[in-house]
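Chemist: let's see this in three dimensions:
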Amino acid sequence: GSSAQSEDMLFFSFAKAVRDPSSGDGKLWMSLEPDALADLLISESYARKLVMVCSRRHIMAVFNHAVILKEKGYATMAKSTVVPFELPSEFSPDPLTEVIQNGAKALLHTAIQAEVSSFIAEHAHLLDEEGRQRLVRHGFLPEREVMTGIGTVPVQVPRVRDRGANEDGSKIKYRSALVPPYLRKAKSVEELLPWLYLKGISTGDFSEALAALLGPDAEGLSSSTITRLKAAWWEEYEAWRKRDLKGKRYVYIWADGVYFTPRLDGDRQCMLVIIGADEYGEKDVLAIMDGFRENADSWRGLLNGLKKRGLAVPPELAIGDGALGFWTALRDVFPTTREQRCWVHKTANVLGAMPKSLHEKAKSDLQDIWMAETKKEANAAFNLFVETYGVKYERAVAKLVKDRDELLAFYDFPAEHWKHIRTTNPIESVFATVRNRTRKTKGCLNRKTALAMVFRLMMSAKKKWRKISGPNRLPEVIQGVEFKDGIKQLQNAA
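Modeler: Below is the predicted model:
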């Protein structure tokens with residue numbers, strides 16, 4: 001192979017072998033000793049000819065073979081004319097991200113080690129038949145990567161061996177609470193998915209969106225993965241809506257029906273939602289169901305469902321829009337519950353019946369009513385609004401007057417709670433995202449997807465909800481203590 005002719009013959013023979021390993025040339029080259037093959041690969045002119053003649057796929061096969069030889073310790077080219085190019089990537093890691101990921105890996109490793117040490121220490125009193133400690137470390141499980149909000153973090157969970165047995169023959173097993181078996185995605189990532197979906201990201205674009213947010217390894221979340229997750233969310237919703245409510249006590253409840261249009265449904269989809277504040281001031285989602293906003297039967301079915309599952313004690317106050325069929329159903333199911341109309345909805349309804357040129361002034365006059373310090377001042381502002389606008393805008397004023405008592409009911413409850421019970425904002429703020437999603441997708445949600453998405457959205461949002469102000473007043477509300485203009489009234493001595 002010293003002459004140019006013999007080198008060319010070798011080259012073309014090798015090129016044929018690369019193209020067809022099953023050919024005679026392929027079998028001949030495969031029979032060569034690794035040292036002989038490495039000697040041929042380090043020839044500079046030989047490498048140049050490969051680049052010119054072989055296709056990209058075949059060149060990569062040759063390079064991969066060279067890498068294998070290098071890993072096995074064989075000689076490689078001392079000088080290469082091939083310029084390496086980094087593979088393009090949409091995710092550009094920066095030093096800060098790398099530091100954070102390395103820190104997270106170290107911190108997680110320390111936490112897992114502390115967890116397994118604590119587990120073994122808890123069982124240190126257990127001995128086997130030979131008097132040795134029963135539980136001992138036993139290596140590690142295979143390393144796996146967990147997708148988190150800062151990208152993928154490699155995790156290796158220790159094994160624990162039980163050298164003895166319980167009386168029934170069972171073994172003590174170690175299960176990490178930090179990294180449960182089969183965990184591949186952190187909860188923060190799972191919560192990100194419904195938010196992305198409801199923000200307008202289609203199922204097929206999830207991989208690209210997550211890769212940009214969490215790094216290239218996030219591309220493993222394919223559309224089929226998202227489909228499986230949505231199915232799991234539906235199962236979670238089904239289990240959640242049947243949960244037991246015995247022993248629960250909710251002082252305030254907020255009710256609303258939110259419209260949007262999914263596919264496969266001729267009518268506008270309405271989500272009937274009830275949120276409650278319990279005796280400790282914690283807010284919780286009580287019910288989510290599809291139905292008709294103005295239909296009393298839809299709401300009656302929802303309220304009766306809560307009652308059948310154990311919600312026996314009626315709430316003290318319910319807050320909602322006056323147009324709901326909820327009120328008729330509430331009077332049937334929980335007749336002792338007082339009613340408070342939402343001032344945000346009422347303001348929108350009243351202004352909707354007035355010319356736009358008056359909206360700013362009329363809105364300020366309405367605000368003077370519900371921002372008044374006392375019920376007497378609120379009634380005075382109420383009367384002034386009626387006198388000011390009643391002659392020209394009778395229809396708008398009628399919308400306000402018909403719910404007068406229900407609009408001012410909050411004055412009979414603690415002043416600390418007023419900002420919570422004058423509106424249905426706890427529901428409206430969450431559903432703004434749902435409306436945004438359905439506008440962007442032009443109604444691509446079916447019933448099950450809509451319910452599953454709304455459920456996941458509400459479950460995620462409620463983790464950030466704060467307690468209502470003045471929770472110490474709630475027991476007094478339950479006991480029937482009288483409040484006037486938000487102030488507790490002292491009982492007269494007998």
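Chemist: number of nearby residues for K464?
Modeler: Neighbour count for K464, taken as other Cβ atoms under 10 Å: 6. To be clear about C-beta, it is placed using only N, CA and C from the backbone, and glycine gets the same treatment.
Chemist: show me where this structure has its strands.
Modeler: Ranges of strands in the chain, per DSSP state E, are 135-140, 144-148, 151-155, 158-162, 250-260, 269-278, 283-291, 317-320, 338-341, 483-484, 487-488.
Chemist: export those to CSV and tack on distance to E387 and mean pLDDT?
Modeler: Output for the strands of the chain, formatted as CSV (distance: least, Cβ to Cβ, whole Å; pLDDT from 0 to 100):
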stretch, distance to E387, mean pLDDT
strand 135-140, 80, 88
strand 144-148, 61, 70
strand 151-155, 64, 72
strand 158-162, 78, 89
strand 250-260, 32, 87
strand 269-278, 37, 87
strand 283-291, 39, 90
strand 317-320, 28, 95
strand 338-341, 21, 96
strand 483-484, 26, 95
strand 487-488, 29, 94
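Chemist: to S469, which of these lies closest?
Modeler: strand 269-278 (10.8 Å; Cβ to Cβ).
Chemist: and the angle from the closest one to strand 250-260?
Modeler: 160 degrees (axes from the mean of the first three to the mean of the last three Cα atoms, to 10 degrees).
Chemist: CA atoms of strand 269-278 as PDB?
Modeler: Below are the C-alpha coordinates for strand 269-278, written out as PDB (Å, rounded to 0.1, in the frame of the first residue of the first chain):
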ATOM      1  CA  GLN A 269     -69.700  25.500  27.700                       C
ATOM      2  CA  CYS A 270     -70.200  26.700  31.200                       C
ATOM      3  CA  MET A 271     -68.000  25.700  34.200                       C
ATOM      4  CA  LEU A 272     -70.000  25.900  37.400                       C
ATOM      5  CA  VAL A 273     -67.400  26.600  40.200                       C
ATOM      6  CA  ILE A 274     -67.800  26.900  43.900                       C
ATOM      7  CA  ILE A 275     -64.900  28.000  46.200                       C
ATOM      8  CA  GLY A 276     -65.200  27.900  50.000                       C
ATOM      9  CA  ALA A 277     -63.500  29.400  53.000                       C
ATOM     10  CA  ASP A 278     -63.400  27.100  56.000                       C
END
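Chemist: so what are the sheet partners of that strand and their directions?
Modeler: strand 250-260 (antiparallel), strand 283-291 (antiparallel) (DSSP bridges).
Chemist: ok, E394 to H417 distance?
Modeler: Separation of E394 from H417 (Cβ to Cβ, to the nearest Å) stands at 34 Å.
Chemist: N472 too?
Modeler: Using Cβ to Cβ, N472 is found at 11 Å from H417.
Chemist: looking at the two, which is more packed in?
Modeler: H417 (24 against 9).
Chemist: which ones are touching the more buried one?
Modeler: H417 sits next to 252, 410, 468-470, 473 when contact means Cβ atoms under 8 Å, 6 or more residues apart in numbering.
Chemist: show the pLDDT at it.
Modeler: pLDDT recorded at H417 is 96.
Chemist: among the strands of the chain, show me which one is buried the most.
Modeler: The highest mean neighbour count among these, using mean count of other Cβ atoms under 10 Å, belongs to strand 317-320: a mean of 25.
Chemist: quick one on the thing from earlier: out of the strands paired with strand 269-278, which is closest to H359?
Modeler: strand 250-260 (23.0 Å).
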